[in-house]
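In: Sequence first, then the predicted structure:
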Amino acid sequence: MRKVRENEATMTADKVIVLSAASGAGHIRAADALVSAFEVRGVRVHQIEVLKYTNGVFRRIYSDLYKELVNKRPGILGWVYDSMDRPWKYQKRRLALDMLSSGRLVKLLLKNKPEIVLCTHFLPAEILVYLRKKKMIDAQIGVVVTDIDAHAMWLYRDIDWYFVAAEETKVYMSALGIPEETIHVTGIPIDPTFGEERRKSDARLQLGLDPGLTTLLVSAGGFGVGPIEALLQALLKIQHPVQIAVICGRNPQLENRLKKFGQTSRPLKIIGFTNEMEKWMAAADLLVGKAGGLTSAEALARGLVLAIVNPIPGQEERNTDHFLEEGVAIRCNNIPALAFKIDSLLSNEERLSRMKQSVKRLARPHAASDIVSIVLEGKST
């Protein structure tokens, strides 16, 4: 690995770049967290959403098609995920397609001549590696994996830093030939506010919730996808006294449909897109829904046990396997059984207490700061 630039205070926005892609909201949130961590250290950063610099067809495949498959054909998404998980096999073909579709991004990188680039999505990483191999740029490159598992799409040779969520992932990548000293187990970068102390009762009062009731937070993800209506109907059958808050993400249609539930047998709040996810997690006891890397990392930092429902085949199923193994989650594959599973958990105080302790052990609220420290100061984990 080449020497890290010593005088970080002189770095300009053109010298440090964070690249991401709006294919799943988590990649962008991870980039936001890294930018914030750099700025705390006095380093100005240029953040780029790379799909804006690709052609229209390519952009739709990466964003719109992904959302369509998540909503209507998750099985196909899982098949593609598993079929493409062949380390090193498809890199040349993938690079050819990416270079053909990302001319504007290449021009931007060549113009800026960055010295340090971190990628929270796999797309720009392979372009950067190619440009450096051809001596068109001279930047250090870091890849921040935003799920627990490292799919083949994330794997490249000649990366200066890899940042991963689990020791198991480091072992796997090292076995594939990636130099162990370049792989750092930091966790997934999240906004540091998720790790700040906040009393649940205070957060509940601020959000108009009952401070004494067990609180279930339902997350539909950044795009508001999945069978959320059926999930909510199941949650309303829970026997324990609970209150429910549903975050609909960027899906106003879902928000409107859920508001038609009207009066229910228990307190219910329907929230659209929010910039206060940290507060809602601070108020909650359980996170119900998806097993996305970023959302799960935020929930663990906030001390929440996970109730994962029908994880999307592919990365979410692999995340779920990890969370179950670590004892921080329950899984429900059949929505009609969801109320039963949550009631069973709430009835078993000893089990729930053990899971909360496991959550504390697994949480990595300072991952973004740790990543920036490694990049700027040459530290290792």
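Out: Thanks, I have it. Numbers count the residues shown, from 1 in each chain.

In: Just the strands from the stretch 201-350 of the chain, written as ranges.
Out: Ranges of strands within the stretch 201-350 of the chain are 214-219, 242-247, 268-271, 286-289, 305-309, 329-332, based on DSSP state E, counting those that start in this stretch.

In: Can you list the strands that the second one pairs with?
Out: Strand pairing for strand 242-247, using DSSP bridges, gives strand 214-219 (parallel), strand 268-271 (parallel).

In: Can you list the low-confidence ranges for the stretch 1-150 of the chain?
Out: Applying pLDDT under 70 to the stretch 1-150 of the chain flags residues 1-14, 63.

In: Might you list the low-confidence residue ranges for the stretch 201-350 of the chain?
Out: 221-226, 262-263.

In: for it, what spans make up the helices?
Out: Ranges of helices within the stretch 201-350 of the chain are 228-235, 252-259, 277-283, 293-301, 315-326, 338-347, 349-362, based on DSSP state H, counting those that start in this stretch.

In: Burial-wise, tell me which of these comes out on top.
Out: Stretch with highest mean neighbour count among these: helix 293-301 (a mean of 27; mean count of other Cβ atoms under 10 Å). Bear in mind the C-beta positions are built from the backbone N, C-alpha and C, glycine included.

In: okay, now the domains of this protein?
Out: The chain breaks down into these structural domains: 8-190+365-377, 196-362 (assignment by automatic domain parsing).

In: Was I right to think residue 178 contacts residue 162?
Out: Yes. Using Cβ atoms under 8 Å, residue 178 is in contact with residue 162, at 6.7 Å.

In: and the two? which has more neighbours close in?
Out: residue 162 (27 against 20; other Cβ atoms under 10 Å).

In: phi, psi of that one?
Out: Torsion angles at residue 162 (phi, psi; degrees, to the nearest 10) stand at phi -110, psi 140.

In: neighbours around residue 27, how many?
Out: Applying other Cβ under 10 Å, we find 25 other residues in the vicinity of residue 27.

In: so what does the host helix or strand of it touch, helix or strand wise?
Out: Using DSSP states H and E, residue 27 sits in helix 25-40. Counting by 3 or more Cβ pairs under 8 Å, 6 or more residues apart in numbering; DSSP states H and E, the packing neighbours recorded for helix 25-40 are strand 16-20, strand 46-49, helix 293-301, helix 367-377.

In: would CSV of the ones you listed with distance to residue 117 be doable?
Out: Output for these, formatted as CSV (distance: least, Cβ to Cβ, whole Å):
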stretch, distance to residue 117
strand 16-20, 5
strand 46-49, 9
helix 293-301, 20
helix 367-377, 10
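
In: closest one to residue 156 among the ones you listed?
Out: strand 16-20 (13.7 Å; Cβ to Cβ).

In: Send me that closest one as CSV with only the CA atoms.
Out: Only the C-alpha atoms of strand 16-20 are listed here, as CSV (Å, rounded to 0.1, in the frame of the first residue of the first chain):
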residue,chain,number,x,y,z
VAL,A,16,-10.7,13.1,-1.5
ILE,A,17,-13.8,11.6,-3.2
VAL,A,18,-16.5,9.2,-2.0
LEU,A,19,-18.3,7.4,-4.8
SER,A,20,-21.7,5.6,-4.4
